[in-house]
Structures are given as C-alpha cells and as structure tokens.
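Asks: sequence-free structure coming up:
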C-alpha cells in the first residue's frame, strides 16, 4: 500500500509521560517529535491530537469534590493544550514548522480551530496540532481525532498506543491472545473490541474513516504506519 497523503495521529496524554507517573517526560517528547518530524520530511501531511491524562483526570474531582462533570472536562481540555505546546516546542526545535489550533479560543497561545486554515497549513507543509478536544464537555480526545480527521479530509487515523494492535483478549494477562492484522468496523463492534470510544468509532464507521492501531513505543513504527506498511491492526 502506498504512503498516505494526510494523516491524523492520535496520542494519549500518557504517551508523553515516559516512565514517569505524572507530567511530561522531555526525553519522550523529543523521541515522539523526532518520529513525527520524520513523517513530515517524507512528504506526508500530519496533524496531531493529544490527550491530557498525564496532567489532569477529572473523574476523581467529580467523585470526591462534587465538581460538575462539564467543569472537569473543560479542565481536561486545558491540560491537552499544555501537551500541544510542549510538542510544538519540541518539533520547532527540530526545524519543523507547526501550528497549534484550539477548539476553545485562547489566541495568546494558539490559533482558534478553523478547518480551512488547518488544511491550508497542512498543504504548506506545516504540522498542525489540535488542542482542547472538540471544545465540548462529554466528548473525548478520541472523538476529537475522529472529528478533525473527517473535517480535514485525512486518509486515516493512526492511533498510537503501548500495544501493537487490537487483540481478542488482553495480551498483558493472556500470552495466548491473538492479534488481528485487520478488522471491519462491524467485526470490531460485534466482538466488543475497544478500538476507540463509542462516539469516535461511530463517526469513523459512518464516514468510512479507517483506523490503524499501532505501538507508538516502537522506534520507526509511526513512519511505517504512515507509509502504509502492514503495521498493527487496520480497522476499516
């Protein structure tokens, strides 16, 4: 399969923690930014969506303090922007041209999300990093990745995880768990495999947006996935 023209890379906030239990590991950010930069240097247009779980998770505040879930979600959106700015700094240190666009306007630190502007940046060779999720509470950054991917006409969503694809059981506890090279949306749905959250998965299925789940921890795996090589599990 030929390299994709335009991709969205979805990373969890935890991907930036490295071996830490909280926050941002500079070594890990440098490693990931190097892989992202290499993809762009190969001529593939790339946008990123990064979660915020390494900095803030609102469920505990909702449970213990009685804070409203919508408020907790907005706090989580701000955490994603911190990650976006860290990734932008690391990429620009490598010489990449980047733009951060946020779903919640904060014009002192980033551009507001405008679809046409985002696609223009990509066409000009810039790496675009989407922050603040969808800008709405009760939606995850998985859903933001699906939504942005569809809006900007991406060819695929690459979901970088700590496992090398979708399995029929948890490979951490079951050494006999079987990994799938490919699945249809219907198969993944019927078998209850967790690929993305339900809203994100439904968006991708309804709009024929393929998802590739791969191991972001393996050096060079992102470039292989972006180049269309058979990496991880493709859901389409």
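Replies: It's in. Since this is a predicted model, take the numbers as computed values, not measurements. Numbers count the residues shown, from 1 in each chain.
Asks: for the helix or strand bottoming out on mean pLDDT in the chain, packing partners?
Replies: Here the helix or strand of the chain ranked lowest by mean pLDDT, DSSP states H and E is helix 59-65, holding a mean of 81. The contact analysis (3 or more C-beta pairs under 8 Å, 6 or more residues apart in numbering; DSSP states H and E) places helix 59-65 against helix 69-93. Where C-beta positions appear, they are placed from N, C-alpha and C, glycine not excepted.
Asks: Could you list every helix and strand that the helix it packs on packs against?
Replies: Looks like helix 69-93 contacts helix 26-41, strand 45-50, helix 59-65, strand 98-102, strand 127-131 (3+ C-beta pairs under 8 Å, 6+ apart).
Asks: Dump the ones you listed to JSON lines, plus distance to residue 193 and mean neighbour count.
Replies: Below are the helices and strands packed on helix 69-93 laid out as JSON lines (distance: least, C-beta to C-beta, whole Å; neighbours: other C-beta atoms under 10 Å):
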{"stretch": "helix 26-41", "distance to residue 193": "25", "mean neighbour count": "18"}
{"stretch": "strand 45-50", "distance to residue 193": "21", "mean neighbour count": "26"}
{"stretch": "helix 59-65", "distance to residue 193": "23", "mean neighbour count": "11"}
{"stretch": "strand 98-102", "distance to residue 193": "31", "mean neighbour count": "21"}
{"stretch": "strand 127-131", "distance to residue 193": "26", "mean neighbour count": "28"}
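Asks: still on that earlier bit, measure how far the least confident helix or strand of the chain is from the centre of its chain, please.
Replies: Put simply, helix 59-65 sits 26 Å off its chain's centre (C-alpha atoms, centre = their mean, to the nearest Å).
Asks: Residues contacting that helix, please?
Replies: For helix 59-65, the external contacting residues (C-beta atoms under 8 Å, 6 or more residues apart in numbering) are 67, 68, 69, 72, 75.
Asks: Can you tell me which of the residues you listed has the most neighbours?
Replies: Counting neighbours by other C-beta atoms under 10 Å, residue 72 leads the contacts of helix 59-65 with 20 neighbours.
Asks: how about the nearest residue to that residue once chain neighbours are set aside, what does it touch?
Replies: Nearest in space to residue 72, with sequence neighbours left out and distances taken as C-beta to C-beta, 6 or more residues apart in numbering, is residue 58 at 2.7 Å. By C-beta under 8 Å, 6+ apart, the contact set of residue 58 is 67, 69, 71, 72, 73, 75, 76.
Asks: If anything else comes up later, I'll come back, but that's it for now.
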